[in-house]
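# here is the input, now give the coordinates:
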Amino acid sequence: MTSSRNAAYLIGGLLTAGCAMSGQQGPPAVQVQKPGVPGVQAPMAYLIPDAQYKIEANGIKGGPDWLAITPEAAYTNSRGTDMVFRMDPASDKVVAAIPVKKPCSGFVIAAGTLWSPSCEENVIYRIDLKTNEVVAKVPVGPANTEGGIAFGAGSAWMPSDPKGLVSRLDPATNKVIASIKVPPGSFTAVYGYNLVWVSSTEKSVVSVIHPATNTVIAEIPVDKNPRFMAVGEGYVWTLNQGTGTVSKIDPRLMKVVATIDAGVPGTGGDIATGEGAVWVTQKTIPITKIDPSANAVTAQLTGPGGDAMRIGLGYIWLSNGREGKVWRFVPSKVTSVTPHAWTEEAQKSDLNGDGKPDILVEDLATFIPGEPARFRMKLLNPAVGDSFVLKTVLNGKEFKNAFTRNGHEWTATLASTEPRWIHYSVCIAQSSTCTPALVVASPTTSAAYALGKVKFVPDTFMVPPPPSVRDYTWNILEPEILKQDYGALEHAVGRSGPMHSTLDEDYGELKRHRWEFERHTSFAYGVLTADGTEEIACVYVNPSKKQGYDATVRFLITERAVRENLEPQLKEAVRQWIKNDWPFAKVAFPGVDVPMTTWNALPDAAR
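Presented below is the predicted three-dimensional model:
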């Protein structure tokens, strides 16, 4: 660590990313839910991030906003702490904080440095990507706190005067080499398709600058009050704050070819491209996914959050100043938690042995005991037959129910259900030919919690990142770690005999665990080795089934965890995590603080 004002403050192991007001947020205000696009929405709480970075420095909570991504690192800024933070995608930790006075108006990475405008000093800081030190301050400031700086054609481009001016900067000399007049209220610049694109929020146009001549060669009318912009997927895109729409500009025709209603009007927000989509974030609708070919919104997540967004390293990076965190998650999670066809997650099955799928079988996430369970299939190859039967096994009892056809979908119902697993397959009628059996597990909780009639945590609750324990990693219990989880069950401390559950049954359990986590009815984690190859413990946070407690926390400990003396440290870390970060008044740790015989004898809760 160095005492130099321009040096990075290295931040140690437990610091991971957090929150304060940012340039894009504006002042605190009552958040009115934006309309969005009905039919494609789900709560933001359903999304489970792959990593959460908590932003803070010197004990001060930060407010992450702008984002930039390189192959080695991700960056965010925080005006409340006068810092730019460097996040490590490999360790999921914040590894450096670089002093920048009131960072604002975007980032750009070029010429070996991160360019970060300062709204207090009216300069652009240049931060060396290798040393995390400030190596220059370019004497040009941003035109507005909410805007964007671009780099291309060997230069940086900074809208630098609200009256309408873009400054072209030479990275070799850090001097202005050209000043280009643009319409007033031009605050954001992006570079793409060998041109510079600048949005005027005041005049609702996009100016196109040709770098060869430093002149505006076109002004393109767009929808009301464009602010933030993105380049990618073959087009230039503007987020229009006046109407909540997105304008799609063809860079060859230099005109708007589509205006997409995203239902996100208002100040702030951001727009980005990548992973085959256009992405928008706004207050109360943190994530909007747009299909750039169909010009349509295909998914939206609603609720708290939404400041800045970038796509990189195969992930979506989303900052949330109010929560003080930066989230990282794979794009597929947005689709998986929003309304979508059951066929997208269905299992394909080859019935005639030709190596091609003949039917799709619904892969149910869970079922509610005591209520009928419905199963669906879709016929892909009519040659295999036109009559099908659902075969189920529930607690040793076998049932067969005929499928009925409704258009392209076939449905069969198991009328009477009970805990715990349903094994099911689809068979050709009057034949022994069936699909491989799938398993669906009943909820961990009572039906009241599973159906949302009773809330375990508030609707707006954002799950806190798990505690750091040595170099172990955490993962929610989900099918992606089936092998590791089943291995942990096989080697759990206290197991005295052979496994009674199968790998398929554990798959059903993991589907259910993820479903519950997304709906905030129960939370289950696996604690894995640093390389993610072995699960050595599990942590379960569930509604209490006994009177007098809000929640229970249970552990599964493996033989390896005992050898590595993980158990006491894990339990203490989880105890403090639950106490400090979860919204429970009274929590029980059965088998830890309360003997199981005593716990089981307590009166049952009414829920």
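# what sits against the residue lying farthest from the centre of the chain?
Relative to the C-alpha centroid of the chain, counting by CA atoms, centre = their mean, Gln430 is the outermost residue, at 46.4 Å. By CB atoms under 8 Å, 6 or more residues apart in numbering, Gln430 lies in contact with Ser387. All C-beta atoms are positioned from the backbone trio N, CA, C, and that covers glycine.
# pull out the buried positions in stretch 500-518.
Residues of stretch 500-518 classed as buried: 501, 504-518 (neighbour count, 16 or more other CB atoms under 10 Å).
# scratch that, stretch 394-408
Along stretch 394-408, these residues count as buried under the neighbour rule (16+ other CB under 10 Å): Leu394, Phe399, Asn401, Phe403.
# one step back: okay, the residue farthest from the centre of the chain: pLDDT?
Looking at Gln430, its pLDDT reads 93.
# helix or strand for Met510, which one?
Just to correct that, residue 510 is Leu rather than Met. In this structure, Leu510 is located in helix 503-519 according to DSSP states H and E.
# circling back to that earlier point, which of the buried residues of stretch 500-518 sits closest to Glu345?
Among the buried residues of stretch 500-518, Lys511 lies closest to Glu345 (CB to CB), at 9.5 Å.
# my guess is that closest one meets Pro479, correct?
Yes - Lys511 is within contact range of Pro479, at 5.9 Å (criterion: CB atoms under 8 Å).
# so where is this protein shaky, pLDDT-wise?
Scanning the chain for pLDDT under 70 picks out 1-31.
# Ala561 falls within a strand, correct?
No - checked against DSSP: H, G, I helix; E, B strand; the rest coil, Ala561 lies outside a strand; its state is helix.
# please verify my assumption that it contacts Glu567.
Yes - contact criterion CB under 8 Å: Ala561 and Glu567 qualify, at 5.9 Å.
# so these two - more neighbours on which side?
Higher neighbour count among Ala561 and Glu567: Ala561, with 24 against 17, using other CB atoms under 10 Å.
# that one and Ser544, how far apart?
Going from Ala561 to Ser544 by CB to CB, to the nearest Å gives 25 Å.
# tell me where the stretch 251-400 of the chain has helices.
Taking DSSP state H, counting those that start in this stretch, the helices of the stretch 251-400 of the chain run over residues 332-337.
# one more: the chain?
Using DSSP state H, the helices of the chain run over 332-337, 447-450, 482-490, 503-519, 559-563, 567-581, 596-601.
# which helices and strands does the second one pack with?
Using 3 or more CB pairs under 8 Å, 6 or more residues apart in numbering; DSSP states H and E, no helix or strand is in contact with helix 447-450.
# list the contacts of that helix.
Around helix 447-450, the neighbours that count as contacts under CB under 8 Å, 6+ apart are 366, 368-371, 443, 453-456, 516, 519, 521-522, 543, 607.
# between these, which sits nearest Ala296?
Of all these, Arg519 has the smallest distance to Ala296: 26.5 Å, by CB to CB.
# for the closest one, which residues are in contact?
Contact analysis of Arg519 by CB under 8 Å, 6+ apart lists Tyr46, Ala450, Gly452.
# for Val469, same thing?
Residues near Val469 by CB under 8 Å, 6+ apart: Val527, Leu566, Gln569, Leu570, Ala573.
# what's the most distant pair in the buried residues of stretch 500-518?
Farthest-apart pair in the buried residues of stretch 500-518 is Ser501 and Glu518; separation 23.0 Å (CB to CB).
# mind putting the helices of the chain in a markdown table, distance to Asp161 included?
Listed next are these as a markdown table, based on distance: least, CB to CB, whole Å:
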| stretch | distance to Asp161 |
| --- | --- |
| helix 332-337 | 38 |
| helix 447-450 | 57 |
| helix 482-490 | 56 |
| helix 503-519 | 47 |
| helix 559-563 | 61 |
| helix 567-581 | 45 |
| helix 596-601 | 68 |
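# out of those helices, flag the one nearest Ser91.
Each of the helices of the chain has some distance to Ser91 by CB to CB; the shortest is helix 567-581, at 17.4 Å.
# tell me which residues of the closest one are tucked away?
Residues of helix 567-581 classed as buried: Glu567, Leu570, Lys571, Ala573, Val574, Arg575, Trp577, Ile578 (neighbour count, 16+ other CB under 10 Å).
# for the residues you listed, which one is nearest Met83?
When the buried residues of helix 567-581 are ranked by distance to Met83 (CB to CB), Trp577 comes first, at 25.3 Å.
# chain neighbours aside, what residue packs nearest to that closest one?
Closest residue to Trp577 apart from its sequence neighbours, by CB to CB, 6 or more residues apart in numbering: Pro467 at 4.6 Å.
# show me what contacts the one you found?
Taking CB under 8 Å, 6+ apart, one finds Ala573, Val574, Gln576, Trp577 in contact with Pro467.
# check Leu510 too.
So Leu510 contacts Leu477, Glu478, Pro479, Ile481, Leu482, Asp485 (CB under 8 Å, 6+ apart).
# separation between the closest residue to it other than its chain neighbours and Cys538?
Distances taken as CB to CB, 6+ apart place Pro479 nearest to Leu510, at 4.7 Å, with adjacent residues excluded. For Pro479, the distance to Cys538 (CB to CB) stands at 15 Å.
# who has more neighbours, the two?
Using other CB under 10 Å as the criterion, Pro479 and Cys538 rank with Cys538 on top: 21 against 15.
# is the more buried one bridged to anything, and to what?
Gly526, Leu556 (DSSP bridges).
# now for the buried residues of stretch 394-408: which two are most distant?
The largest distance within the buried residues of stretch 394-408, taken as CB to CB, falls between Leu394 and Phe403 and amounts to 17.8 Å.
# and the residue lying closest to Lys356 once chain neighbours are set aside, what is it in contact with?
Leaving aside its sequence neighbours, Lys356 sits nearest to Asp350 (CB to CB, 6+ apart; 6.2 Å). Counting by CB under 8 Å, 6+ apart, Asp350 touches Lys356, Pro357, Asp358.
# state the number of residues packed around the residue nearest to Asp485 when sequence neighbours are not counted.
Using CB to CB, 6+ apart and skipping the chain neighbours, the partner closest in space to Asp485 is Glu535 (5.5 Å). A count of neighbours around Glu535, defined by other CB under 10 Å, yields 28.
# equivalent analysis for Ile177, please.
There are 13 residues near Ile177, going by other CB under 10 Å.
# from Pro142, how far out is it?
In terms of CB to CB, Ile177 sits 18 Å off from Pro142.
# same thing with Tyr540?
49 Å.
# which of these two has more neighbours?
More neighbours surround Pro142 than the other of Tyr540 and Pro142, with 27 against 16 (other CB under 10 Å).
# rewinding a little: between Ala561 and Glu567, which contacts overlap?
Ala537.
# got a list of what Leu165 touches?
The contact partners of Leu165, taken as CB under 8 Å, 6+ apart, are Ala143, Pro159, Ser179, Ile180, Lys181, Val182, Ser186.
# now the buried members of the residues you listed.
For those, buried by 16+ other CB under 10 Å: Ala143, Pro159, Ile180, Val182, Ser186.
# who does the nearest residue to Phe367 once chain neighbours are set aside form a beta bridge with?
Using CB to CB, 6+ apart and skipping the chain neighbours, the partner closest in space to Phe367 is Ala373 (4.2 Å). Ala373 forms beta bridges with Leu414, as assigned by DSSP bridges.
# measure Ala373 to Asp506 for me?
With distances taken as CB to CB, Ala373 is found 20 Å from Asp506.
# swap in Ala412?
Distance check for Ala412 against Asp506: by CB to CB, it reads 25 Å.
# for Asn194, same thing?
According to CB to CB, Asn194 stands 54 Å off from Asp506.
# cool, and Phe456?
23 Å.
# cool, Gly244 as well?
From Gly244 across to Asp506, the span is 44 Å (CB to CB).
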